[in-house]
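Enquirer: model the structure of this input:
(chains A, B, C and D)
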There are 2 protein chains.
Amino acid sequence: MEEFHSGRCENCIVRQLNALKTLSKEELVRISDSKVTKSIKKGDAIFEEGEKLNGVFCVRNGVSKLSKMSDNGKDQIVKIATKGEVLGQRSVITEDKTNLSAVALNDMEVCYIPKTHLTDSINNNVQFTKAMLLQMANDLKFADDLIVNMAQKSVKQRIAETIRYLEKNFGVDQEGYIAMTLTREDIANIVGTAKEACIRTITNFKKEKWISTHGKRIKIEDDKALYRLVEGF
Amino acid sequence: MEEFHSGRCENCIVRQLNALKTLSKEELVRISDSKVTKSIKKGDAIFEEGEKLNGVFCVRNGVSKLSKMSDNGKDQIVKIATKGEVLGQRSVITEDKTNLSAVALNDMEVCYIPKTHLTDSINNNVQFTKAMLLQMANDLKFADDLIVNMAQKSVKQRIAETIRYLEKNFGVDQEGYIAMTLTREDIANIVGTAKEACIRTITNFKKEKWISTHGKRIKIEDDKALYRLVEGF
DNA sequence: CGAGCTCTTGACGGAGATCAACTTCTGTGG
DNA sequence: CCACAGAAGTTGATCTCCGTCAAGAGCTCG
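Expert: The predicted structure follows:
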């Protein structure tokens, strides 16, 4: 994990996407002086489950999976975090160890901001605290929905939903393939199923002409059909 | 749903359990003047999925299930809320409609606090906002753990976990039965399985002498065994 | 006391986990 | 640029768990 100082938070566009946008010029300068930008290579961890975090990571570039190891030895992906999202907020707030680990899905650039430089703002800048609260409320809503899906929907439905989510979130390349390629195993880990079941389902979708694939890349051909499946028709 | 004014927030013990404890005397007086205490009978809803909430509900007494209807027509319980918890916080913050409905599991007493009387405190009292943030962070952690359990554990494991959770959370009566009785169907809805599967598993636990039952009441006889099951031995 | 819940048990079928073998891709060093 | 090792993808066979339908027994409350 290569470390270096570069750029100023004041000028960073990414800031617009998260709670940091509510900070004053002075607060930003202070944070910018103490932050460290890190390069993280695909597959490397930003932090691991059980670590004590003394700061947060603001994603400047790249995509990361937040996952938790289950007792049965399988990794469950709980969230995909992209540009502008701040990782580790929760454990900084609760002062617990993280319950999740964050691993880069492709090469990333993240800014590490030490906790000490945030607590001041949390304690004095209500706008900032409020923005974090809003963020967390949205995360919670998302999580609740996920719980219901996990509990009630079939693997087929969840895979369809995941593929649609990926397309909506990351868009498609020139050829129409989803601009984010995950391994089949990662998809299985999002859906909470075995790799083989995931592969079989995807092959089925191909047979039905709902999607087509090229290597691990996926293109949606019949979004309506996937949608109908998800909604349970 | 019977409504009446009674008691003052300033004197309410329940307040110690949630973010309201950070409010000043003046803020409490203001809120107390505008709050409405409601009696809710077992089985009645405090609010329903999709409603727009213009305030929060502070639970003074009784227990409520927070659940969401899945597309397949099954109810998924996401959280059990008891004395001191505040319902509807999230949707007040995000200004969305609720994604959950809250139904009383036994007779309840809740205080309705209009949103307008909270926003002032959220905007000006950082301690209050911070307390809500902390609360929400903990809820989120809990939700993440739940996602992993739903995705990775067997129905048997989840039922064992739920029974242990109920005992830890509600304690036992004089005879050793868990002080909170849910219908088998409610347990099934927590676990995300069919009522019959739930019943069969519970009958199994009885055969194994891990629990005993009396009507719908459950007593844990061998907590170690349940624990081992949950952890996957 | 009986209507309507809730609980219980049985039978059956299908979704998905697991194990195993084989192929294709990818990237790293010679 | 090629070779080769280790990932990742694919497919088949088998077995188990759990969802669903059905039918009867036991509670509980008006």
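Enquirer: so the lengthiest helix in chain A, near DNA strand D or not?
Expert: In chain A, taking DSSP state H as the definition, the longest helix is helix A:126-152. No - applying CB under 7 Å from any atom of the strand, one finds helix A:126-152 separated from DNA strand D by no less than 8.5 Å. The way it works is simple: take the backbone N, C-alpha and C, and place the C-beta from them, glycine included.
Enquirer: mind listing what's buried along that helix?
Expert: A:126-137, A:139-141, A:143-144, A:146-152 (16 or more other CB atoms under 10 Å in any protein chain shown).
Enquirer: what do you get for stretch A:81-94?
Expert: A:81-94.
Enquirer: can you get me the start-to-end distance on that stretch?
Expert: End-to-end distance for stretch A:81-94: 20 Å, by CA to CA, to the nearest Å.
Enquirer: same check on stretch A:27-47?
Expert: The first residue of stretch A:27-47 is 26 Å away from its last residue (CA to CA).
Enquirer: how about the nearest residue to A:Ile218 once chain neighbours are set aside, phi and psi?
Expert: Excluding the flanking residues, the one nearest A:Ile218 by CB to CB, 6 or more residues apart in numbering or on different chains is A:Ile178, at 5.2 Å. Taking degrees, to the nearest 10, you get phi -60, psi 130 for the backbone angles of A:Ile178.
Enquirer: which residues touch A:Asp75?
Expert: Residues in contact with A:Asp75 (CB atoms under 8 Å, 6 or more residues apart in numbering or on different chains) are A:67-69, A:189.
Enquirer: chain A: strands as residue ranges?
Expert: For chain A, the strands defined by DSSP state E cover A:2-4, A:36-40, A:45-47, A:55-61, A:64-69, A:75-81, A:86-87, A:101-104, A:108-114, A:211-214, A:217-220.
Enquirer: in JSON lines: those strands, plus distance to DNA strand C and mean pLDDT.
Expert: Below are the strands of chain A laid out as JSON lines (distance: least, CB to the nearest atom of the strand, whole Å; pLDDT from 0 to 100):
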{"stretch": "strand A:2-4", "distance to DNA strand C": "16", "mean pLDDT": "58"}
{"stretch": "strand A:36-40", "distance to DNA strand C": "15", "mean pLDDT": "91"}
{"stretch": "strand A:45-47", "distance to DNA strand C": "17", "mean pLDDT": "94"}
{"stretch": "strand A:55-61", "distance to DNA strand C": "18", "mean pLDDT": "94"}
{"stretch": "strand A:64-69", "distance to DNA strand C": "15", "mean pLDDT": "95"}
{"stretch": "strand A:75-81", "distance to DNA strand C": "12", "mean pLDDT": "95"}
{"stretch": "strand A:86-87", "distance to DNA strand C": "24", "mean pLDDT": "96"}
{"stretch": "strand A:101-104", "distance to DNA strand C": "14", "mean pLDDT": "95"}
{"stretch": "strand A:108-114", "distance to DNA strand C": "16", "mean pLDDT": "94"}
{"stretch": "strand A:211-214", "distance to DNA strand C": "9", "mean pLDDT": "92"}
{"stretch": "strand A:217-220", "distance to DNA strand C": "8", "mean pLDDT": "94"}
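Enquirer: domain-wise, how is chain A divided?
Expert: Domains of chain A are assigned by automatic domain parsing as A:2-150, A:154-231.
Enquirer: near DNA strand D, anything from the last one?
Expert: Yes - taking CB under 7 Å from any atom of the strand as the criterion, domain A:154-231 and DNA strand D are in contact, through A:183-185, A:195-196, A:199-200, A:202-203, A:213, A:215-216.
Enquirer: tell me the least confident of those residues?
Expert: Lowest in pLDDT among the residues of domain A:154-231 next to DNA strand D is A:Gly215, which has 86.
Enquirer: give me the number of residues near that one?
Expert: For A:Gly215, the count of nearby residues is 7 (other CB atoms under 10 Å in any protein chain shown).
Enquirer: list of residues touching stretch A:188-205?
Expert: With CB under 8 Å, 6+ apart as the test, stretch A:188-205 has contacts from A:65, A:67, A:74-77, A:80, A:150, A:155-156, A:158-160, A:162-163, A:182, A:184-185, A:187, A:211, A:213, A:218, A:226, B:150-152.
Enquirer: could you dump it to CSV, C-alpha only?
Expert: What follows is stretch A:188-205, C-alpha atoms only, in CSV (Å, rounded to 0.1, in the frame of the first residue of the first chain):
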residue,chain,number,x,y,z
ALA,A,188,-22.2,-15.6,-5.2
ASN,A,189,-20.9,-13.9,-2.1
ILE,A,190,-23.2,-10.9,-2.6
VAL,A,191,-26.1,-13.2,-3.1
GLY,A,192,-25.1,-15.6,-0.4
THR,A,193,-25.0,-18.7,-2.4
ALA,A,194,-22.4,-21.3,-3.6
LYS,A,195,-20.3,-20.3,-6.6
GLU,A,196,-21.7,-23.2,-8.6
ALA,A,197,-25.3,-22.3,-8.1
CYS,A,198,-24.4,-18.8,-9.2
ILE,A,199,-22.7,-20.0,-12.3
ARG,A,200,-25.6,-22.3,-13.2
THR,A,201,-28.1,-19.5,-12.8
ILE,A,202,-26.2,-17.2,-14.9
THR,A,203,-25.8,-19.8,-17.6
ASN,A,204,-29.6,-20.2,-17.4
PHE,A,205,-30.1,-16.5,-17.9
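Enquirer: how about that stretch, does it reach DNA strand C?
Expert: Yes - contact between stretch A:188-205 and DNA strand C is present through A:192-194, A:196-197, A:201 (criterion: CB under 7 Å from any atom of the strand).
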